[in-house]
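Asks: How does the following fold in three dimensions:
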Amino acid sequence: MFIVQQEINFREEHPCLIVGLYEKPVKFSGCLEKLDELFSGYLTELVKEGDLSAKEKRIFKMPAFKKIGAKRLIFVGLGKEKDATFSGIREAFGKVFKEVKKAGLEEAAVYVDSFVSENISPVDAAYALSEALPLSTYAFSGYKQKNAPDKQLGGLVVYCQTAEPEELKSALTVGYILGKGTNSARDLVNLPGNMLTATDLADYSRKLAEKYDFEVEILEKEDMEKLGMGAILAVNQGSKEPPKMIVLKYQGKDEWKDVIGLVGKGITFDTGGYSIKTKSGIVGMKSDMGGAAAVLGAMEIIGEFRPEQNVVAVIAATDNMISGNALKPDDVITSLSGKTIEVRNTDAEGRLVLADAVTYAKMHGASFLVDVATLTGGVITALGVKTTGAMTNNEEWFEQVLEASAEAGERIWRLPIFEDDWERVRSSEIADLNNSPGREGHAIMGGAFVGEFAEDTPWVHLDIAGTATSDKATDLGPKGATGVMTRTLALLVERFSKINEKVEPVS
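Replies: Down below sits the predicted model:
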């Protein structure tokens, strides 16, 4: 995919050469001086005339007029050098790669040195480049009879004189793996509900386990009945599709200890049950397994990285349908933990399946927990559609998740859980817990309910109801599934073994 060359040869033939341009003010000096010389100062003239701009993410394309080997030049503006950030450079690469794809080019070259600044090292630039490439050019193939073939950028020559080739290759590999894993999560979320049932999700997980040598366990309905998984079984009551509790284990240490549990909500389609959704609200509910997709995308990345860390992934998979057997408001059910739940709202089903999944992750030895779920509309009201809501019972563990999310460029914002929030979740007069204590603080109620099953285990809840999909394209992806939190989870695991002394695991 990537060919690294230390010395740039402007005479080498390429369909295009991508160059970054900072406002310094714009001057073709340093690494770009030779390029301007080959054009007899014409590039400087274009800047003076205002045609070529270095304003952030401004794209300028021009033919090379046989002055260099590349057929065309694509400049991307990077803004002021002192203000350069990794996230901004990644988005700039995303925007320019979209242009390359639009042009139907299957090979390109990038002059990495032109993206380097005081804040951005050559290795940073390479990392940003390789992550942006798969993210920005992703497309879901869909099911149209006459889909035009999707041309992919198959090769990228990376020129960099200011870093060791092995360091660059490592950064390019890491970024590309993170991007590809996110795209795998996007594929799962984009699949329609009739093409991704709980059984299909289990089959996908088995293949992932086989590829990366994970230990795999798939609990069938009969297994859940024997274990007493009354919460996920209650959600599944109205469905003809059997539920699955999916477990993947990756052991990166000699002993099975300090285990990170990644728990994903896998509702493959959500009607809301008898608390049925509106005709507009029900559209798009194929994405209600976005948490499961993020966990599986993260496990793919973990399988590639092979970190020295133990991980158990648990996914509760079912749809939420309506029938004569379906769960009803006012029903009381018993979860795997033994806690009883009064069901006030059958559309608050995600927290029910997570209750059993979190308990089962702990039974498999998880001493740290992160659950990811498209859980509540309330988080969209609170934070909009670009920020994931987070809740926690452990400050140090949350800080680690927050740092991983910052590196991934997937922003999260913490919502509080106060004692009176816990009291509301425990407000049922006939059961231990109430699955829907009211509209006020809805997102907090959902998170607090799941937290009841985490108990004393360090736990972070990530509500991606607003961020799992996007209704418009961005520089790093098209409209549709985002694969959000895939990279955050993977980076959390990757970083964990170096800093886990900050958090006291549950013994």
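Asks: In the stretch 1-150 of the chain, where is pLDDT below threshold?
Replies: Along the stretch 1-150 of the chain, the model assigns pLDDT under 70 to residues 147-150.
Asks: quick one: the helices in it?
Replies: 33-38, 42-48, 86-102, 122-136 (DSSP state H, counting those that start in this stretch).
Asks: Residues contacting the third one, please?
Replies: Residues from elsewhere that reach helix 86-102 (C-beta atoms under 8 Å, 6 or more residues apart in numbering): 16, 18, 20, 56-57, 59, 61, 74, 76-79, 108, 115, 119-120, 124-125, 127-129, 131-133, 135-137, 151-153, 409, 474-477. Every C-beta, even on glycine, is put in place using the N, C-alpha and C of the backbone.
Asks: What distance do you get for residue 200 to residue 316?
Replies: Distance of residue 200 to residue 316, computed by C-beta to C-beta, to the nearest Å: 15 Å.
Asks: returning to that earlier point: give the PyMOL command for selecting the buried subset of the contacts of helix 86-102.
Replies: Burial among the contacts of helix 86-102 is assessed by 16 or more other C-beta atoms under 10 Å; the matching PyMOL selection reads:
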select buried, resi 16+18+20+56+57+74+76+77+78+79+108+115+120+124+125+127+128+129+131+132+133+135+136+137+153+409+474+475+476+477
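Asks: Next, count neighbours for the nearest residue to residue 106 once chain neighbours are set aside.
Replies: Distances taken as C-beta to C-beta, 6 or more residues apart in numbering place residue 154 nearest to residue 106, at 5.0 Å, with adjacent residues excluded. Neighbour count of residue 154, defined by other C-beta atoms under 10 Å: 10.
Asks: residues contacting residue 154?
Replies: For residue 154, the contacting residues are 1, 106, 107, by C-beta under 8 Å, 6+ apart.
Asks: Could you work out the end-to-end span of stretch 454-473 for me?
Replies: Terminal residues of stretch 454-473 are spaced 36 Å apart (C-alpha to C-alpha, to the nearest Å).
Asks: Serialize the helices of the stretch 1-150 of the chain to CSV and add fields for distance to residue 243.
Replies: Output for the helices of the stretch 1-150 of the chain, formatted as CSV (distance: least, C-beta to C-beta, whole Å):
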stretch, distance to residue 243
helix 33-38, 60
helix 42-48, 62
helix 86-102, 38
helix 122-136, 32
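Asks: Check the burial of residue 479 by counting its neighbours.
Replies: Using other C-beta under 10 Å, residue 479 has 12 other residues around it.
Asks: hang on, I meant residue 384
Replies: When neighbours are counted by other C-beta under 10 Å, residue 384 comes out with 11.
Asks: Break the protein into its domains for me.
Replies: If you go by automatic domain parsing, the domain ranges for the chain are 2-160, 183-500.
Asks: picking that back up, the more surrounded of residue 200 and residue 316?
Replies: Between residue 200 and residue 316, counted using other C-beta under 10 Å, the more crowded position is residue 316 (35 against 18).
Asks: Residue 116 - nearest residue in space that isn't next to it in sequence?
Replies: Closest residue in space to residue 116, ignoring its immediate chain neighbours: residue 122 at 5.4 Å, by C-beta to C-beta, 6+ apart.
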